[in-house]
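Asks: Could you work out the structure for the sequence below:
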Amino acid sequence: MPAASQPEIICFARDMTLRWPCRRGDFILWMRYSDIFSGPESIKIPDLWEMRDGDHVTITNRPEDLPAWFELHPTEVCDNLALKMMEKMKKGYKPGERIDGPNLWRLKSGDRVVWVGAERPERHSVNGILAILNCDKCALAVGEGNWDSLKAFVGFGAPSTPVMNPEDVVRCQAAVKAVKQLGLPRTWGPDWRLG
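Replies: Predicted structure coming up:
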């Protein structure tokens with residue numbers, strides 16, 4: 001099958017950061033298998049974001065690229081970051097609650113994220129799919145936009161209408177089908193930890 005007839009598939013590995021500039025009408029779908037033994041039909045969609053003009057999504061597992069306002073909780077680190085957290089705690093650091101919000105997704109190893117939307121000059125689209133992210137490692141997805149109020153922040157990614165328009169439904173269905181065709185992930189983890 002020629003490459004032009006397949007959507008871009010990005011293998012998200014260790015020490016990566018990626019930024020997707022979105023437009024009104026784009027959707028970001030987060031897909032996850034509850035376990036890797038249930039087969040491709042067991043895929044779930046924990047959340048989806050409907051994007052607006054000016055919104056973007058940053059996906060990273062690099063501590064240096066996490067937002068300044070985001071702080072990892074001690075239960076969310078492993079390897080080198082666990083050692084750094086231990087040193088920090090020995091110096092008196094007292095962690096608060098785990099940071100969460102409508103614009104944060106904790107992507108586990110084995111998760112898939114699909115960006116759907118209309119084709120644009122800088123990005124090729126196949127059946128409305130702009131890119132598929134295949135998470136080999138855990139990552140944090142952060143949705144950001146031009147929020148002028150608390151209501152806009154709280155409603156980040158919320159559908160703009162109670163019923164999706166048919167064109168968007170077709171694109172999202174194509175995304176689910178494409179992810180199922182990829183088959184089960186080669187890596188899968190039950191926990192979310194960076195390190």
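Asks: drop to CA atoms for contacts and neighbour counts, all remaining ones
Replies: Fine.
Asks: to the chain's geometric centre, what's the distance from stretch 159-167?
Replies: 21 Å (CA atoms, centre = their mean, to the nearest Å).
Asks: oh sorry, the question was meant for stretch 109-117
Replies: Distance, centroid of stretch 109-117 to centroid of chain: 6 Å (CA atoms, centre = their mean).
Asks: how long is it from one end to the other?
Replies: 25 Å (CA to CA, to the nearest Å).
Asks: Please identify the buried residues of it?
Replies: By 16 or more other CA atoms under 10 Å, the buried positions in stretch 109-117 come out as 109-117.
Asks: Tell me, please, the helix or strand in this structure that averages the lowest pLDDT.
Replies: Lowest by mean pLDDT, DSSP states H and E among the helices and strands of the chain is helix 150-154, with a mean of 77.
Asks: Residues in contact with that helix: which ones?
Replies: 101-103, 147 (CA atoms under 8 Å, 6 or more residues apart in numbering).
Asks: Please put the alpha-carbon coordinates of that helix into CSV.
Replies: C-alpha atoms of helix 150-154 as CSV (Å, rounded to 0.1, in the frame of the first residue of the first chain):
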residue,chain,number,x,y,z
LEU,A,150,-12.5,29.9,34.0
LYS,A,151,-15.5,28.6,32.1
ALA,A,152,-13.5,28.3,28.9
PHE,A,153,-10.7,26.4,30.7
VAL,A,154,-13.2,24.0,32.4
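Asks: List of residues touching the next helix or strand after it?
Replies: Once the chain leaves helix 150-154, the next helix or strand it forms, by DSSP states H and E, is helix 166-182. For helix 166-182, contacts defined as CA under 8 Å, 6+ apart pick out 25, 27, 29, 40-41, 43, 112, 114, 116-117, 127-129, 132.
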